Every structure is written in C-alpha cells, then in structure tokens.
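> Next one to model:
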Amino acid sequence: MIYACKNEIILEIMDEKEFEGNSFKVSQWINKALLPNEHSNIQEQISMTIKKLQITILETSSLIETTNQEIFDDLPNLLNNIGDVQTKASEVKKQLFAINQELLKTEDKPAASLIELEKKRKRLDATIKALKDADSWSTIVESIDLLFESGDLSGIAAKISKLSASLGLWVQSPDHKQKQEILEDLKNRLEAAVGPKLLAALHENDLEKIKSTINIMRSIDRSRQSFIYVSQHRRGSLHKKWKEASLLAAKDGKFEWYFNFLDNVSTEWNQQNIWLESMASRDLDIQSNSFELLADVFAKLEPAPSTILSDVLQGHGNKLVGLESLRTYLDRFCVNLCSESVSKRCKLDVEFREKIYKLVQQIFYPYKQLISQYVLIEAEKFPVIQFKSEDCFDALREVKQTTISTFVTFYESLRRCQQLTADRHLVVLTKAMVTHLIHYLGAFQLLFDAINRRKQADDFSNCDLCLRFIESLGDVLVNLAKLDTDLTNQIKKLKDMEPPFCHLEKSDYVIIGDDVRAEVDLVLVSVKKGENIVLNAKKAYSGLNTEAQSAAFELIFKPIEKMLRSVSSINWNKESLGLVGDLPAFSYSPQEYITQVGQYLMTLPQHLETYTNADHPGLIYALNTGALPYFTPLKSEEQNNVSSLAAEIVLECLGRGLCEQYADKILKLGSVGEAMKPQLLADIEYLSNIFEDMGLELSSPLCEILSYLKGSETTTPFNIKETLEKLFR
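Predicted coordinates:
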C-alpha cells in the first residue's frame, strides 16, 4: 500500500511480520534498517525510517479500529441468539453449538488480531523513541556538559544511561567508535566526580548518601568501580584504626588494646557487609571479596602485629596467661566473622573455603610467631628442687612435694598445649619434659649420695630412709607410666585430626600446619613399635631405682650377714658332747647366732609397720618393677595388677636371701659330727618356726637339709642328697 506525505515523498509501508514474535529487539531491527548507503547519509536514513514507522503505526491503528468495529457489530447478533435460546428450549443444544462457533470465530480471529496489533504498535513506538534518542545524541551530550557545570550528578547519570542505550543503534554508523569514546569519557568524568563524594559519605558513614552515589555508579555500569572506592575506604580505615591501637600497646602492657581493636573490626566489618550486600549488583560477590580484602589488610598492617605483640608478651606479668587470653580472643574474632551463610557456603564452595583459610592464616600469623617460644615459656614454669635443709628426711619430703607439683605442672602444660597450639608443639613439649626429668634426676642422685654416707651407722632409720627414697623414685615412675599413656593417646588424636569445612569455626587446623606433621609421623612410628615416648627418662630413673634397692637391701641385710658369719666359726665336727648317754633331740636349744637372727627378723615388722598398708603405691611400684635382690621379677602384664604390700616384698626378699646364705654356709662346712647334727636340726627348726610366724617359707635347700636331718624323705625339687651324705657321714 502506498501513501502520500506532506513533502510528497512516496513511502512504501513496512513489512509488519518483522515486528511479530517475542524475539523482536529494537536495536537489532534499527541496525538492520540503517545499513550504509551511498546515496544518503545516516541522518537522512533516520528521518526516512521514522516516517515509515509513523505510517506503519497509522495503518496498524486503523486496523485496530476496524477490528474493534467488527466486534461491536457482532454483539447484537450474539445477544439475539442468546434470547432465542432462552425462548426455544427444544433447540438449546443446537443453538448453543451455533453460538459457541460464532464466539470462537469472534474471539479467535478479531480478538487475537487485536492483541497482536497492539503489541506491534508498542514495538513500533519503542523503535521510534529509540531512533529519536539516537537522533538527538549531540543534543544530549551538550546538555550533559551543562549539567556537569551545575553539579547535577543524578541528571548526568540519567542522560548517560540514555546515550548508552542508544549507542547500540549506531553500530552501522561510521562514527560509532567515536561515540563510544565520547560515552566512555563522560562515564569517566562522572566517576571522577562521584568518587570523592562516595568516599566522603563512607567517611561520614551516611548510608543514604552512600546508597545514592553507588546507584549513580551502577546506572553507568561502574558498579565494580564503586566497590573499589568502598574497599579503598575500608582498607584505609582499618590501617588508621590499627595505628591508633598500636600506640596504646606500650601504655597498656597487656593485650586489652588488641582485643578492643579486634572487637571494633568485627563489629564494623559485619555492619558494612550487611548494607554492601543490599546495595551491590548480582555480579558482585561482596562476601568473598570482603574476606579476601580483610586477609590482605591483616597481611600488610604496619607496624607488624607480630612485632608489637611479641614486645607486649615479653613485658607481660604471666606470659602463659597472656597467650591463653590472646588465643581466646582470636577464636572469638573468627567466630564473630562467621555467619551461618558463611559456614554453609564453606561446605559447598572450595574456592571460597580457600579464601577463608587464607584469612584465618593471616589472623593467626602473629600468634603462630608468638607460640614458637611457647615450650621455652612452659619449661620456665617447671618446678626445680632447692634443698633447704641438710637433713635427708627433710630433703625427701621436699622431693616428694616437688614430684607432685612437677607432674601437676606437666598436665597443666599439656592442657595449655592443646588449647594454645592444638598440640602443635606436643612433641617438642614432651622432649622438654623428658629433659627436665633427667635434670631433676640430678637432685635424686645428690640425695642418694648423702644417704650412702650415712650407711655406716647401725641405726635402722637409714633403712627407712632408703625405702622412702625408693618410694620417691617410684612416685616418678608411676607418673611417668601414666604420662606415657596419655601422651601416646594425645599424639594419635593429632594424627587423626581432619580439617574443618570452615576455619573460622575451628582454627586448630590452621595452627597445626603441615610443618609439624612430619615430626608427629616419626613419633607415631615409635608408638606403633611399642616404644616408650618417655623412654630416656624411664631408663634413667629405673637405673637409680636398681641402685637404691641394692643399697637398701644391703643395709637391711647387713646385720643378718654379720650374724651368719658365726656359722663357719662353730666346731661342727664333734662326735660327742662328753656327756653320759645321748641326749634326746628336744633337749637341744638353738645357738646364739640363729637366735640373734630370729630376734632381728622379729623386729623388722615393727620397723616396716609404716609400709604394711596400700598407701605407698610409689614404693610398691618401684619394688615390683625394680631389681631388689632375691626378688622374682614380674611379667610386664602383671605389673599393673600388683597386690603385694611393700613390707611383704621386703621381708620375702630378706627371707630368701637369709635362706640362700644360711644353706650355702651349711653346705660349705665340710662335715658335721654326729653330736652336732641334732644341734643343727634345732637351729634350722628354730628359723623355720620364726619364718612360719612371719608368714615366710624356707627355701628348697634348707627344707632338703631339714628333711635329711630328720631322716625323712625329701619332697623338694632341690636334690643335694649326695652333698648331704658327704656332709653328715
């Protein structure tokens, strides 16, 4: 169809099909329509296209009016048909069918056409508007220059948005690139004007101004740049707060200033993240960027936190308490930064989890530097024996008390090691404990030497002194056995530790690091082989325990040895006592040497009465695991189920030693005369009665000799019949 315009230019109506369908885009249609033409410039093409569009709109509007009129004309027929249906009930079905058909025709064709035509008209209007905006490019640019002079930044942003939208219509224009450069320059000018205002709003913490300036930046596609300004402000603000806080370090002398700094940072950071997320565009990951920024800021704080915190720690009244409070606050700081959304995201997003890990690494970096001195600080707290008296009994009491406090301190150190380092320094701490115990052994050695110098005296208090000394060694050995078990279990737990999903929730894994794992692996190899973690200390104390038990036995057994020397000085070769007739065996009394032995043995329970109960686990453990002469060593699995009391163990060993030496002296007599056989029998029976009263048993050789003298068959496994026949021939 052809129309005549006022300027008498003949135009052909455009193809309406181009404006149909949901895939229609204004910019694509315009760029297609405005193809370069040798016979006309771009401005002429735009004017011509607008006129064509206007004619098409007129035609479309005419069609819409015609369709509306058709629908209006059909309405009476529809109403008449409905009336006929009401009066002619017999033809209801037929009429309804006819009406439905007519309605379908009316609705399907005219109505559908009406809707499509309306859509076309709207698209045509949008196309005309876009073309007019594009045609007024120069005018808009000039108006923007005026707005820059007036400072109307919102107005400038609106104009730039129009230019940006219309730029897509100029793709086929020869000056398209030039227009791009003009638009970019305008955006840069606006950003330069908005940037300082955004920084000022951030400094004043004016959320309304912040929101308005960010919206301006977002409208010109500079959303990322706006958050660069925000990051710049946050970085600068944090550095400023740190410098102010670090000046308080020297005045405070503790870590309170640092704790206040951390509290302020977590509060401000969380608040900022909330309003930033509400203002940011969808393509910006505020949460991830914030954590990355915070990690970078902590890494670049000047002066370095590790240096200042180290100086503060050196001047702290209690370094361990200072480290504990510092660890507690750092953990709290991390937890405050960790929201529920952060925790959930860590489980799903590996890259985000890595950023969290780096942040916690930076937060704990100064702390990790400080705990490199941790074991030395702990070792300074280990108790040291300082003998205040030259009296051995007083010294032993000091040793016992120091042993208790030493292992209490050790376990406090283990607790702190777990709390402060997540057992990162457990292996090193264990070595420090072993070194301290070996050094501590020197005090035991000095005391043992002092006890040995008293051994010349016959006072039984020396025996008591030796037993108390052995008990002190046993206390150390008992605690060492428990410490070894606890350390082994603790190291195994360290090996099995798994990294958490969110290191803000649990920072232990960050503190451990990979550097300690190699050392832990070496210790675990020893543990798997069944080796003792505190083996060196145990060997050292076990060696002194053996020496002390030998000395104690020698001291207690010395009077018995002296009494038994009389056996070899008695004339055992007498064939007759010079009396008329033979005396009956019961007429013989035990000789003085054996009665002295018996009397001495009977006094021992009184001297050992202190050790006749179970209140001496250290002494019982030392005796059962040591090398007391004539003691039958227990198997390793039996050592934890010992029921014998200390006094019983000592008396049993003395009894065995007495029997062995007595039998040995008898067998070395050479010969025993007929008259002395009843005497020897009386001596041995006396000793047997003493043993029975004390709950002891004669040794097998003595039982053999006793049976032989009585003329009865021996049932003992110790067969010395030939020796006895030669002795008593």
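
> just the strands in this protein please.
In the chain, the segments counted as strands under DSSP state E are 2-4, 10-12.

> can you tell me which of the ones you listed the model trusts least?
Mean pLDDT across the strands of the chain is lowest at strand 2-4; the value there is a mean of 37.

> where does the stretch 301-450 of the chain dip in pLDDT?
Filtered on pLDDT under 70, the stretch 301-450 of the chain yields no residues whatsoever.

> Let's see that with 80 instead.
317, 338-343, 346-348, 386, 388-389, 424 (pLDDT under 80).

> same thing with the stretch 601-729 of the chain?
The stretch 601-729 of the chain contains residues with pLDDT under 80 at 609-615, 626, 632-645, 670-671, 675, 711-729.

> which residues of it fall in helices?
Assigned by DSSP state H, counting those that start in this stretch, the helices in the stretch 601-729 of the chain fall at 617-625, 646-667, 677-694, 700-710, 721-727.

> what does the stretch 401-550 of the chain give?
426-453, 461-495, 508-512, 517-528, 535-564.

> now those helices as JSON lines including distance to Gln591 and mean neighbour count?
Backbone N, C-alpha and C define where each C-beta goes, glycine included. Below are the helices of the stretch 401-550 of the chain laid out as JSON lines (distance: least, C-beta to C-beta, whole Å; neighbours: other C-beta atoms under 10 Å):
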{"stretch": "helix 426-453", "distance to Gln591": "34", "mean neighbour count": "17"}
{"stretch": "helix 461-495", "distance to Gln591": "26", "mean neighbour count": "20"}
{"stretch": "helix 508-512", "distance to Gln591": "75", "mean neighbour count": "20"}
{"stretch": "helix 517-528", "distance to Gln591": "59", "mean neighbour count": "14"}
{"stretch": "helix 535-564", "distance to Gln591": "11", "mean neighbour count": "18"}
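
> Quick one, which of these gets closest to Leu163.
Comparison of the helices of the stretch 401-550 of the chain against Leu163 by C-beta to C-beta identifies helix 508-512 as nearest, at 50.8 Å.

> avg pLDDT for the closest one?
In this model, helix 508-512 has a mean pLDDT of 65.

> Likewise for stretch 185-200?
The pLDDT scores in stretch 185-200 average 82.

> buried residues in it?
Leu186, Lys187, Leu190, Glu191, Val194, Gly195, Lys197, Leu198, Leu199 (16 or more other C-beta atoms under 10 Å).

> again, but for stretch 358-376
358-367, 370-371, 374-375.

> Next: stretch 588-603.
Applying 16+ other C-beta under 10 Å to stretch 588-603 flags Tyr588, Pro590, Gln591, Tyr593, Ile594, Thr595, Gln596, Val597, Gly598, Tyr600, Leu601 as buried.

> what does that stretch contact?
The contact list for stretch 588-603 (C-beta atoms under 8 Å, 6 or more residues apart in numbering) reads 559-560, 563-564, 566-567, 570, 654, 658, 678-679, 681-683, 685-687, 690, 693-694.

> Among those residues, name the buried ones.
Buried members of the contacts of stretch 588-603, scored by 16+ other C-beta under 10 Å, are 559-560, 563-564, 567, 570, 654, 658, 678-679, 681-683, 685-687, 690, 694.

> Extract the CA atoms of stretch 418-433 and return them as CSV.
In CSV, the C-alpha atoms belonging to stretch 418-433 read as follows (Å, rounded to 0.1, in the frame of the first residue of the first chain):
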residue,chain,number,x,y,z
GLN,A,418,46.1,-28.4,73.4
GLN,A,419,44.4,-25.0,73.9
LEU,A,420,47.1,-22.7,72.6
THR,A,421,48.7,-24.8,69.9
ALA,A,422,46.2,-27.6,69.2
ASP,A,423,49.0,-29.9,70.3
ARG,A,424,51.2,-28.4,67.5
HIS,A,425,54.1,-28.4,70.0
LEU,A,426,53.2,-31.6,71.8
VAL,A,427,56.3,-33.5,70.6
VAL,A,428,58.6,-30.6,71.5
LEU,A,429,56.9,-30.2,74.8
THR,A,430,57.4,-33.9,75.6
LYS,A,431,61.1,-33.6,74.8
ALA,A,432,61.3,-30.6,77.2
MET,A,433,59.5,-32.7,79.9
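
> Among the buried residues of stretch 588-603, give me the pair with the biggest separation.
Of all pairs drawn from those, the greatest distance, 21.5 Å, lies between Tyr588 and Tyr600 (C-beta to C-beta).

> residues touching Phe227, list them.
Counting by C-beta under 8 Å, 6+ apart, Phe227 makes contact with Leu276, Ala280, Leu284, Ile286, Asn289.

> got a markdown table for those residues, with distance to Ser389 and pLDDT too?
Formatted as a markdown table, these follow (distance: C-beta to C-beta, whole Å; pLDDT from 0 to 100):
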| residue | distance to Ser389 | pLDDT |
| --- | --- | --- |
| Leu276 | 71 | 81 |
| Ala280 | 76 | 73 |
| Leu284 | 76 | 78 |
| Ile286 | 71 | 82 |
| Asn289 | 69 | 88 |
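
> among those residues, which are in helices?
Judged by DSSP state H, those include Leu276, Ile286, Asn289 as members of helices.

> filter those residues to the buried ones?
Buried residues within these, counting neighbours by 16+ other C-beta under 10 Å: Leu276, Ile286, Asn289.

> Wait, Gln232 touches His203, no?
No. Taking contacts as C-beta atoms under 8 Å, Gln232 lies outside contact range of His203: 11.4 Å.
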